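> got a structure for you, letters missing:
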Ligand SMILES: Cc1ncc(C[n+]2csc(CCOP(=O)(O)OP(=O)(O)O)c2C)c(N)n1
């Protein structure tokens, strides 16, 4: 370090920060944000200067992605897995346009992100400044309009604090991305103090609304029902254990949407699998059972993939009750007999108390015993797993052979056995998430740790994503690669497995080097079939032309090594079984498992094909 630099640093350390971007960073520090994901560039430089100052005082660290979409995916993965605000940034122009796919993904997946893009100086607007992206240029605020809930340019320094507070409150309250476009001269503007005036952590606290009328109707309906099924979506993550307690109390069974899959242990005695895309026949059969007179969908938007292609025969009909925290998510279920809106935790706390008081569980003590037998016995937990697994395991045994090339079904089944319990699996768009939704059943210690007194344990995981995650609604290739980097930063010490395809890896694989740089033990499992497999099988199943899916044969273990990442080529099952997974998971850096899978195995994607063909 030169004397000049050292002097400047010392001066900086001794004086209070006084640039507008320091105020912004101070607010993020106040919120406990640990990382800011992005790529620097001329116009955003003041923010990076401020980040450097923050990093030196033990504050927020800059994580530099290789592509801005990767930065947004990382912020999404961080937010999902930490329960904190995800923050990403880019420079003006191409940096900002590169961010959009990642921001759209968070928007569709309902993940709170603060997106900061820089802008050329105010006085240069309309003069064709380099990379100008105001409304006189390529108009970045215009481009973010449809994938954010609050989206504005800060056109005067006096707007900054208010707009930042509005942005963060909106992101958290509405669980969505928000965007601030900030010109460089505003980022650099001098302030008399960069100390936050307001207490943002208090401002973002969620009010626990009670929809009294809705809850009363819900209780009456439960009383009247003979057989109830819960459908849990990803939005029920805050109250998953409470919901399972209530299900046990009223003798209900539980299924999940594909993106809710990781919230319930697949081995829970009340669980019957996934409905919707790549789901289980056991779940669809249960919903179609005429004896089921009430279906309670919790924390889910009604979309093609969560509703089995808008299946009105067995799901979207007048048996439905829809519980949601967001009013806008209820618009997809006008056929419901009841809508209950409010904090899902509060609704289920209320329900649980009410049901216990009424003692309506008069004939369910036996059922509760079944649940409790499985819960709380850590030593016998794994042994019991095969016995309590309800969904199609027996019929799937034929796939669990160790032939070569490796069957994706076998691989998914094996992963849950080879990796430690509580490994988080992020499955990418393509056959990866189809195979994983159907065949990967992660062990979940939470089931054996769940309290049996029915009270809600306010553990950290309550607010977080489950052990299985995918980007169901926007479904961008490469999502899992960036997102698993963010997840690893959010969950130090917890195993993170990214399951992705060779096409996605070729699209976004450079983000693995971020895991390398930050010594994150992410395990990237590449389903290598030398094709855009989902496209190939989609064309075959849907009777379309056979075109555009071929990829070159790439050795990703060599590619990994070229980047300095440890890589293994897995040609047959024994190659996988020979690995020391424990060592891989505790390595200070990522590992690539390049798995040559059987390209002819057809993934469970018929629901998608039906919708495409009928379009
Ligand atoms: C960014 C993006 N581009 C295109 C698509 C359309 N798409 C969906 S799956 C898929 C193929 C993915 O191939 P690969 O990553 O190799 O995974 P595989 O299906 O072979 O497991 C494509 C092109 C998409 N979802 N996202």
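Arrived safely. Remember, predicted model here, so these are calculated numbers, not experimental data. Numbering: from 1, shown residues only.
> any idea of the pLDDT on the closest residue to the ligand within the stretch 301-450 of the chain?
Here the stretch 301-450 of the chain gets closest to the ligand at one residue, residue 430, 2.8 Å apart by Cβ to the nearest ligand atom. To be clear about C-beta, it is placed using only N, CA and C from the backbone, and glycine gets the same treatment. With respect to pLDDT, residue 430 has a value of 97.
> Correct me if wrong: it contacts residue 503.
Yes - using Cβ atoms under 8 Å, residue 430 is in contact with residue 503, at 6.6 Å.
> Counting neighbours around each, name which of those two comes out higher.
Comparing residue 430 with residue 503 by neighbour count (other Cβ atoms under 10 Å), the higher total belongs to residue 430, at 28 against 25.
> give the contact list for that one.
Residue 430 sits next to 477, 500, 501, 503, 504, 527, 532, 533, 534 when contact means Cβ atoms under 8 Å, 6 or more residues apart in numbering.
> Throw these into a markdown table and include distance to residue 33, thanks.
As requested, those are exported to a markdown table (distance: Cβ to Cβ, whole Å):
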| residue | distance to residue 33 |
| --- | --- |
| 477 | 28 |
| 500 | 27 |
| 501 | 32 |
| 503 | 33 |
| 504 | 28 |
| 527 | 34 |
| 532 | 36 |
| 533 | 37 |
| 534 | 35 |
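> Helices along the stretch 501-615 of the chain, start to end?
Secondary structure of the stretch 501-615 of the chain (DSSP state H, counting those that start in this stretch): helices located at 502-508, 512-517, 533-542, 556-563, 573-577, 581-585, 606-614.
> Of those helices, which shows the lowest average pLDDT?
For the helices of the stretch 501-615 of the chain, where the average pLDDT is lowest is helix 606-614, sitting at a mean of 70.
> just to revisit the earlier point, which neighbours do residue 430 and residue 503 share?
Common neighbours of residue 430 and residue 503 (Cβ under 8 Å, 6+ apart) are 477, 532, 533.
> ok, and the most crowded of the residues you listed?
That'd be residue 533 among these, by other Cβ under 10 Å, with 27 neighbours.
> my read: that one touches residue 600, true?
No - with contact defined as Cβ under 8 Å, residue 533 does not count as touching residue 600 (10.1 Å).
> How about the secondary structure of residue 317?
coil (DSSP: H, G, I helix; E, B strand; the rest coil).
> neighbours around it, how many?
14.
> ok, the residue lying closest to it once chain neighbours are set aside - contacts?
Closest residue in space to residue 317, ignoring its immediate chain neighbours: residue 335 at 5.9 Å, by Cβ to Cβ, 6 or more residues apart in numbering. Counting by Cβ under 8 Å, 6+ apart, residue 335 touches 312, 316, 317, 318, 320.
> repeat for residue 315
231, 275, 287, 295, 307, 308.
> ok so, going back, can the shared contacts of residue 430 and residue 503 go into TSV with extra columns for distance to the ligand?
Putting these into TSV (distance: Cβ to the nearest ligand atom, whole Å) gives the following:
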residue	distance to the ligand
477	4
532	4
533	3
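> re earlier: Serialize the helices of the stretch 501-615 of the chain to CSV and add fields for distance to residue 495.
Below are these laid out as CSV (distance: least, Cβ to Cβ, whole Å):
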stretch, distance to residue 495
helix 502-508, 20
helix 512-517, 13
helix 533-542, 25
helix 556-563, 18
helix 573-577, 16
helix 581-585, 4
helix 606-614, 30
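> So what's the predicted local confidence for residue 18?
If you check residue 18, the pLDDT there is 79.
> Quick check: residue 23 touching residue 198?
No - with contact defined as Cβ under 8 Å, residue 23 and residue 198 do not form a contacting pair (11.1 Å).
> what sits in contact with each of the two?
residue 161.
> These two - which one has more neighbours?
Between residue 23 and residue 198, residue 23 has the larger neighbour count (other Cβ under 10 Å), namely 22 against 13.
> neighbouring contacts of the one helix or strand the more buried one maps to?
Here residue 23 is covered by helix 20-30, with elements defined by DSSP states H and E. For helix 20-30, contacts defined as Cβ under 8 Å, 6+ apart pick out 17, 36, 46-47, 49-51, 53-54, 59-60, 85, 87, 114, 116, 157, 160-161, 164-165, 168, 182, 186-191, 194-196, 199-201.
> What's the separation between residue 100 and the ligand?
Going from residue 100 to the ligand by Cβ to the nearest ligand atom, to the nearest Å gives 11 Å.
> Number of residues surrounding that residue?
Around residue 100 there are 20 other residues, counting by other Cβ under 10 Å.
> Residue 521 reaches residue 586, doesn't it?
Yes - between residue 521 and residue 586 a contact is recorded at 6.6 Å, counting by Cβ under 8 Å.
> ok, whichever strand or helix holds residue 178: who's next to it in the sheet?
Assigned by DSSP H and E, residue 178 belongs to strand 177-183. For strand 177-183, the paired strands and their directions (DSSP bridges) are strand 113-119 (parallel), strand 150-153 (parallel).
> Give me the distance between the residue of the stretch 301-450 of the chain closest to the ligand and residue 342.
37 Å (Cβ to Cβ, to the nearest Å).
> Kindly report the same for residue 150.
In terms of Cβ to Cβ, residue 150 sits 22 Å off from residue 342.
> Same question for residue 551.
With distances taken as Cβ to Cβ, residue 551 is found 48 Å from residue 342.
> coming back round to it: find residues that contact each of residue 533 and residue 600.
Counting by Cβ under 8 Å, 6+ apart, nothing touches both residue 533 and residue 600.
> pretty sure residue 274 is touching residue 262, no?
No - look at residue 274 against residue 262 with Cβ under 8 Å: they stay out of range, at 10.4 Å.
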